[in-house]
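Student: Predicted coordinates and the sequence they were generated for:
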Amino acid sequence: RLSRAAMRASAAATSARLGGSGQWLLGLPPTYVAGLQVLFRSVVAGTEPVMQDGDLAAAMTSMTGERRYVSLVPTQLHRILQDPAQARLLGTFTNVLVGGAHIPADLRALSAEQRVRVVATYGTSETCGGCVYDGVPLDGVSVAVDADGRVRLAGPVLFDGYDGRPDLTEEVERDGWFLTEDLGRLDEDGKLQVLGRIDDVVVSGGVNVPTSTVAARLQEHVAVTAAAVVGVPDPEWGHRVVAFVVGELDLDAARDWVDEVQPRSWAPRELFRLARIPLLSNGKVDRVRLQRVARG
């Protein structure tokens, strides 16, 4: 349950961080909290959002506000930047909020090169969506990382609980903090770095392998345009780490690339090359489908 007060607090904090209210383009389904927040922020600001009806370029062209915002997932951003005309339109936006998954370093660089002002957002449905922007919590929001690496969040943006499931609510709410399913760390500047979800961690040969972190590393390779990593049951290793890439990288090169900055034990033991990484309707990787592919 998300209260009106929590949604208002989130909208106000977003406006303050971005430097003021503006017109929003609805680039995500309103059935997800990121899309819902676009509509709510528009209501609070008294502005009319622009709805995308399958033609993103037309939607961007129809924006009339002096300050323009949109929320996207990394895959959407990547596709837009491949089209020079759409990239130029996106460059007219005051800020482009990008969340739902890790933003690869090369995508960040390409955005900057094309003068697209990206803000990396992190949050959950239980926090009314993004509540940490570029590693820094919004006003009123607190972030902590437990000894086991699990991220905790607190503040006026928190939900009231899971409807009809007080047992689940008790599992994740502790002393005013929401216990997320994500792993992270605070860097030397106190900024939050999200390493992946707890269920992204695969135990392979007794080693905890954060698959999202490995996928992010693979995607930094010049021969790779997209990557995903999953764990598949294996009689010898418990789980084997399987990589999927869009590009020309082979297994040996992938293992060497990972090994340069990450433990060798994190490197994939199998690799599939695909034309496209399958995604769910919310823009996140369809891990179940990839696991089916890996199992043959």
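Tutor: That came through, no problem. Numbering: from 1, shown residues only.

Student: from here on, contacts and neighbour counts on C-alpha atoms
Tutor: Will do.

Student: ranges for the helices of the stretch 151-296 of the chain?
Tutor: Here the stretch 151-296 of the chain has its helices, by DSSP state H, counting those that start in this stretch, at 166-172, 211-219, 251-259, 287-295.

Student: Of these, flag the one that's most buried.
Tutor: Most buried of those by mean neighbour count (mean count of other C-alpha atoms under 10 Å) is helix 211-219; its value is a mean of 24.

Student: if we can go back for a sec, any chance of the helices of the stretch 151-296 of the chain in CSV, plus mean pLDDT?
Tutor: Converted to CSV, the helices of the stretch 151-296 of the chain look like this (pLDDT from 0 to 100):
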stretch, mean pLDDT
helix 166-172, 93
helix 211-219, 92
helix 251-259, 97
helix 287-295, 93
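
Student: Tabulate these (a markdown table), appending distance to V141.
Tutor: Shown next, in a markdown table, are those (distance: least, C-alpha to C-alpha, whole Å):
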| stretch | distance to V141 |
| --- | --- |
| helix 166-172 | 17 |
| helix 211-219 | 25 |
| helix 251-259 | 34 |
| helix 287-295 | 31 |
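
Student: Quick one: closest of the ones you listed to D200.
Tutor: helix 211-219 (5.5 Å; C-alpha to C-alpha).

Student: now for the closest one, which elements pack on it?
Tutor: strand 192-197, strand 224-234, strand 238-247, helix 251-259 (3 or more C-alpha pairs under 8 Å, 6 or more residues apart in numbering; DSSP states H and E).

Student: Partner strands of the longest one and their direction?
Tutor: Using DSSP bridges, the neighbouring strands of strand 224-234 in the sheet come out as strand 238-247 (antiparallel).

Student: do the same with the shortest one
Tutor: The strands that strand 192-197 pairs with in its sheet are strand 177-186 (antiparallel) (by DSSP bridges).

Student: got the buried residues for the partner strand?
Tutor: W177, F178, L179, T180, D182, L183, G184, R185, L186 (16 or more other C-alpha atoms under 10 Å).

Student: Ok, stretch 233-242 next?
Tutor: Buried, per 16+ other C-alpha under 10 Å, within stretch 233-242: P233, H239, R240, V241, V242.

Student: That stretch spans what distance, first to last residue?
Tutor: 10 Å (C-alpha to C-alpha, to the nearest Å).

Student: for stretch 121-133, same thing?
Tutor: From start residue to end residue, stretch 121-133 stretches across 5 Å - C-alpha to C-alpha.

Student: who's in contact with it?
Tutor: 2, 6-7, 10, 14, 32-34, 37, 97-100, 119-120, 134-135, 137-138, 141, 157-159, 180 (C-alpha atoms under 8 Å, 6 or more residues apart in numbering).

Student: List the buried residues for it?
Tutor: T121, Y122, G123, T124, E126, T127, C128, G129, G130, C131, V132, Y133.

Student: List the strands paired with the helix or strand containing the second one, with their directions.
Tutor: Element membership of Y122, judged by DSSP states H and E, is strand 118-124. Taking DSSP bridges as the criterion, strand 118-124 sits next to strand 95-98 (parallel), strand 129-133 (antiparallel) in its sheet.

Student: Tell me how far it lies from the chain's centre.
Tutor: Distance of strand 118-124 from the chain centroid (C-alpha atoms, centre = their mean, to the nearest Å) equals 7 Å.

Student: again, but for stretch 286-296
Tutor: Counting by C-alpha atoms, centre = their mean, stretch 286-296 comes out at 21 Å from the chain centroid.

Student: pLDDT weak spots in the stretch 51-200 of the chain?
Tutor: Applying pLDDT under 70 to the stretch 51-200 of the chain picks out no residues at all.

Student: Show me the strands in it, by range?
Tutor: Using DSSP state E, counting those that start in this stretch, the strands assigned to the stretch 51-200 of the chain run over residues 68-72, 95-98, 118-124, 129-133, 136-137, 142-145, 150-154, 173-174, 177-186, 192-197.

Student: Take those strands and lay them out in CSV including distance to V288.
Tutor: Compiled in CSV, the strands of the stretch 51-200 of the chain are given as follows (distance: least, C-alpha to C-alpha, whole Å):
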stretch, distance to V288
strand 68-72, 23
strand 95-98, 24
strand 118-124, 21
strand 129-133, 24
strand 136-137, 32
strand 142-145, 28
strand 150-154, 24
strand 173-174, 29
strand 177-186, 18
strand 192-197, 15
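
Student: between the helices of the stretch 151-296 of the chain, which gets nearest to M63?
Tutor: Per C-alpha to C-alpha, nearest to M63 of these: helix 211-219, 32.3 Å.
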